[in-house]
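Colleague: A structural model of the following input is requested.
(chains A and B)
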Amino acid sequence: MGELLLLAFIFLFAGVVAVPIASRFGLGSVLGYLLAGVALSPLLTAIDVDVIAIQHFAEFGVVMMLFLIGLELEPRRLWEMRNKLLGLGGLQVVGTAALIMAGAMALGQSWSVALAIGFILALSSTAIVLQTLSEKGLMRSDGGQSSFSVLLFQDIAVIPMLAFIPLLALPELSEIATGAADAGHGASAGADVGDVGHGDAAGHGETGHGADLNLVAGMAAWQQALVTVAAIAAVVLGGSWLTRPTFRFIGMARLRELFTAAALMWVVGIALLMTLVGLSPALGTFLAGVVLANSEYRHELESNVDPFKGLLLGLFFITVGASIDFALLAESIFSILGLTFAVVALKGLILFALGVAFRLRGAQRWLFAFSLAQAGEFGFVLLAFSVTNNVIPPPLADQLLLIVALSMLLTPVLFVLYERVVAPKFVEDSEQEADTIDETTNIIIAGHGRFGGIVNRMLRSIGYEPTVLDYSSEQLEMLRAFGFRIYFGDATRPDLLHAAGIENADLLVIAIDGREQITELTRYVTRNHPRVHVIARAIDRNHVYELYAAGCRDIIRETFDSGVRTGRSAFEALGIHPFEAERLAQQFVKKDGRAIAALADVYDPDVPIHRNEAYVARAKEVRETLDAEMKGSGRAFSQRADRGWSPPSLEDVKAEEEDGKS
Amino acid sequence: MARLLLYYAHPGHKYSHVNKAMADAARRVDGIDFVDLYGAYPRHNIDIDREQERLLAHDVVLFQCPMFWYSTPSLIKEWQDLVLEHGFAYGAGGDKLAGKTMMLALTAAGPADAYTADGYQRFPFRTFLTPLQQTARLCKMRFAPPYVLFSSLRAPSSGEAALHVEGYVKLLTAIRDDRYDFARVDAHDVVSHQTLPIPIEA
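Modeller: Below is the predicted model of the structure:
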């Protein structure tokens, strides 16, 4: 127990200290974790920690990441992006892998090792690039969009790569491994195709859990095939049919942590099923993710799994950092550095050529080439996986690890180079590009009850497709019948907002119930995402002040307008001319607005209204004036309503006529 | 029987002296259609289809309103802008109003003699109506001389108002009964309760 706590504390501490520092220097979280691992390395060696065992545990983060990638892949959106995705992404991965393979073979590697190296180095760092692009506001530029397409394609390409790499296994490595494993634990290595999470790391002397649990090991080939198909069908059908009832059932308990438990259960269960039938858990969860991408529980699943994924991947990168062999780097620093520069240059060259072929203009071409020229975190995953499956011998893997890590370290440098040197040369181009209109206006509506529902319908009526978040299963059921796309979850949770894309949102409509929740959500968004225009629903007048103090400048009282309309209808029912009734209602609104402004000065969010003497006094005064004016005893209101179409007095007319004659 | 459509437009209906009395009297005339424009569209959201159907169902369209700044109240302008559509009232295929009559019943605060080159209004009264006259012409409608009350603010005390309202009812019933002789007053600038082209009842 004590040991576990110690380890947990060491890893968490390293992450908490290193990542903010790395972010500060524009290096991104991945490099932060890597550096934390580097720093931890001597300590871990000193207390004799099995880093590789931890790394295998942390690889479950990759399984989760693929589940989340699957969730992001709406089939419809993929179809819209198909040209860039397949063209740019496909050519980048295939071209880079092929050229690197050729290079590796020229350096004396066998074709299978060279191909694995090609796969590993062809991938770029999604984590670093997307984070940097959005930090620098380049996500929506042509170059940024193209980079995104390529990264997305790479994320998908990892799946077949994971399936393919075990086929490249070197017989001599397998024999050594099998021998070692047989001697140690009697487990067979390299048999569990695509098992990332519980990879049998016989080469490093661990037991593979996967092999122990494999159900299909003793079956005939046709039985295996049948079981495999059945398992995949179970994932697809289960994802489609079981999610809704499961979440409805859980919803009855109204406990937030149960959703987290259910989401984790989902992912772990699928991974387990895949392991049992000898398939890749990553592939299985990815499939499940795609199946759930169109579900209304998507954001809820995403926000629940995301922190675990983040932590596990962080741990994974720390272990990668900890296993960097510095003796090796010192020993062959020139060859490693040379190879790193060569890889970056080669990748950049291919990207630049693709940029030309796909008509990226001026600076965008450079942005595209610079941003994706590094190798990425998937490289680590594939590398660990290749070693596990006896594809790449460990000494070579150590060198590759250094190359991948160093190329990632170069990325911030390349971005600085782009910003300082390249971009300024293309100023005219970027001005032209500003003309391209961004069609995707991102709107989030929090709360889809009687209030938010109207806003949603209005926005949809002119062609927008807001992302709608609601916490009521009944609402969901009903709205799905009408074909709306709405997502299940508590909109006041920052992680759900994040999953719904608050970072890139242009507009947030807060239409949830509950005064405190509305204020809290408003405060959170105006503080953390000041760029987002927030329209907030206010319960009453005092709530307007609270929301104003919380930073909202577009506040709508939920029942005020319907109250005014009812008052106007009452006027008309009393025989007041409809136009007069309209004018009176307008005057009332205007007056009331002034009263709100008058009281805003004396409102103090920290003092309860009934103890705020200045407020109470002013409120009385304002209310009395307003009442008097409405009753007509005060002159001001009726005079104001008269202005406009009341005729001049007879005296005025006379004076004017005489004036005109003289 | 001519089908008469009367559009009444006065945003300050409550404070009106003459127009209110005219509208109240007109409402009581049987066999004509009375529309209070500001009552029907207090938020200026004019229903184009409904108004065009109304126009198609009538022969004479009469606007009753006060003169505001040498023109009509703004809602009548809004009505023109929206209802007199291309393809309906003018332009290609826009002959739906051809042969109908447009007429105005106006009240003006200034006296008749102000509307001369020497008067303080500087121009003849009809000069200010040329946009409406041309609108009727473009819609292939006949523009009949308007029924006008000058010095409308003095009218209630001088007794002119009562006579004007009385003449207005006669005018409406005469148009309804096809006894209003449009041709006889064509050359006149304006018509008053004294110059109504209606034959004396036998």
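Colleague: so the closest residue to chain A within chain B, which of the three states?
Modeller: Using C-beta to the nearest C-beta, the single residue of chain B nearest to chain A is B:Tyr120, 2.4 Å away. In short, each C-beta sits where N, CA and C put it, glycine included. Put simply, B:Tyr120 is coil when judged by DSSP: H, G, I helix; E, B strand; the rest coil.
Colleague: low-confidence ranges, chain B, go.
Modeller: Low-confidence segments of chain B (pLDDT under 70): B:201-202.
Colleague: longest helix in it, please.
Modeller: Scanning chain B for the helix with the most residues, using DSSP state H, yields helix B:160-176.
Colleague: what are the buried residues along that helix?
Modeller: Neighbour-count burial for helix B:160-176, counted by 16 or more other C-beta atoms under 10 Å in any protein chain shown, picks out B:160-161, B:164-165, B:167-168, B:170-176.
Colleague: flag every residue of chain B that's near chain A.
Modeller: Neighbours of chain A within chain B, by C-beta under 8 Å from any C-beta of the partner chain: B:10-17, B:36, B:38-40, B:42-43, B:68, B:73, B:109-111, B:114, B:119-121, B:153-154.
Colleague: show me those residues that map onto strands.
Modeller: Judged by DSSP state E, strands contain the following of these: B:Asp36.
Colleague: mind giving me the packing neighbours of the strand or helix carrying A:Thr519?
Modeller: Using DSSP states H and E, A:Thr519 maps to helix A:515-528. If you count contacts as 3 or more C-beta pairs under 8 Å, 6 or more residues apart in numbering or on different chains; DSSP states H and E, helix A:515-528 packs onto helix A:494-499, strand A:507-510, strand A:533-538, helix A:541-549.
Colleague: mind listing what's buried along that helix?
Modeller: A:Gln517, A:Ile518, A:Thr519, A:Leu521, A:Thr522, A:Arg523, A:Tyr524, A:Val525, A:Thr526.
Colleague: just stretch A:402-418 next, same as before
Modeller: A:402-412, A:414-415, A:418.
Colleague: same question for stretch B:134-152.
Modeller: Buried, per 16+ other C-beta under 10 Å, within stretch B:134-152: B:135-136, B:139, B:141-152.
Colleague: contact partners of stretch A:496-507?
Modeller: A:134, A:139, A:298-300, A:302-303, A:306, A:441-444, A:446, A:467, A:469, A:487, A:489-491, A:508, A:524-525, A:529, A:532-535 (C-beta atoms under 8 Å, 6 or more residues apart in numbering or on different chains).
Colleague: just the buried residues of the residues you listed.
Modeller: A:139, A:298-300, A:302-303, A:306, A:442-444, A:446, A:467, A:469, A:487, A:489-491, A:508, A:524-525, A:529, A:532, A:534-535.
Colleague: which SSE is the spatially most central residue of chain B in?
Modeller: By C-alpha atoms, centre = their mean, the mean C-alpha position of chain B lies nearest to B:Leu104, the distance being 2.1 Å. Element membership for B:Leu104, per DSSP H and E: strand B:101-107.
Colleague: can you check A:Ala18 too?
Modeller: helix A:2-24.
Colleague: just the C-alpha atoms of that helix, please, in CSV.
Modeller: What follows is helix A:2-24, C-alpha atoms only, in CSV (Å, rounded to 0.1, in the frame of the first residue of the first chain):
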residue,chain,number,x,y,z
GLY,A,2,2.7,2.4,1.1
GLU,A,3,4.7,1.6,-2.0
LEU,A,4,1.7,2.2,-4.3
LEU,A,5,1.0,5.6,-2.7
LEU,A,6,4.7,6.5,-3.0
LEU,A,7,4.7,5.7,-6.7
ALA,A,8,1.4,7.4,-7.3
PHE,A,9,2.7,10.5,-5.5
ILE,A,10,6.0,10.5,-7.4
PHE,A,11,4.3,10.3,-10.8
LEU,A,12,1.6,12.8,-10.0
PHE,A,13,4.1,15.2,-8.6
ALA,A,14,6.4,15.0,-11.6
GLY,A,15,3.5,15.6,-13.9
VAL,A,16,2.1,18.5,-11.9
VAL,A,17,5.4,20.2,-11.8
ALA,A,18,6.8,19.5,-15.3
VAL,A,19,3.7,20.0,-17.5
PRO,A,20,3.0,23.6,-16.6
ILE,A,21,6.6,24.5,-17.0
ALA,A,22,6.8,22.8,-20.4
SER,A,23,3.5,24.6,-21.4
ARG,A,24,5.0,27.9,-20.3
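Colleague: ok now that helix, how far from the chain's centre?
Modeller: In terms of C-alpha atoms, centre = their mean, to the nearest Å, the centre of helix A:2-24 is set 23 Å apart from its chain centre.
Colleague: mind checking pLDDT for the nearest residue to A:Ala581 once chain neighbours are set aside?
Modeller: In space, and not counting its chain neighbours, A:Ala581 is closest to A:Phe571: 3.7 Å by C-beta to C-beta, 6 or more residues apart in numbering or on different chains. What the model reports as pLDDT for A:Phe571 is 95.
Colleague: for A:Phe571, what are its contacts?
Modeller: Applying C-beta under 8 Å, 6+ apart, the residues contacting A:Phe571 are A:Glu580, A:Ala581, A:Leu584, A:Ala585.
Colleague: host element of whatever residue of the stretch 201-350 of chain A ends up closest to chain B?
Modeller: Scanning the stretch 201-350 of chain A for proximity to chain B using C-beta to the nearest C-beta identifies A:Glu296 as nearest, at 36.7 Å. When secondary structure is defined by DSSP H and E, A:Glu296 falls outside every helix and strand.
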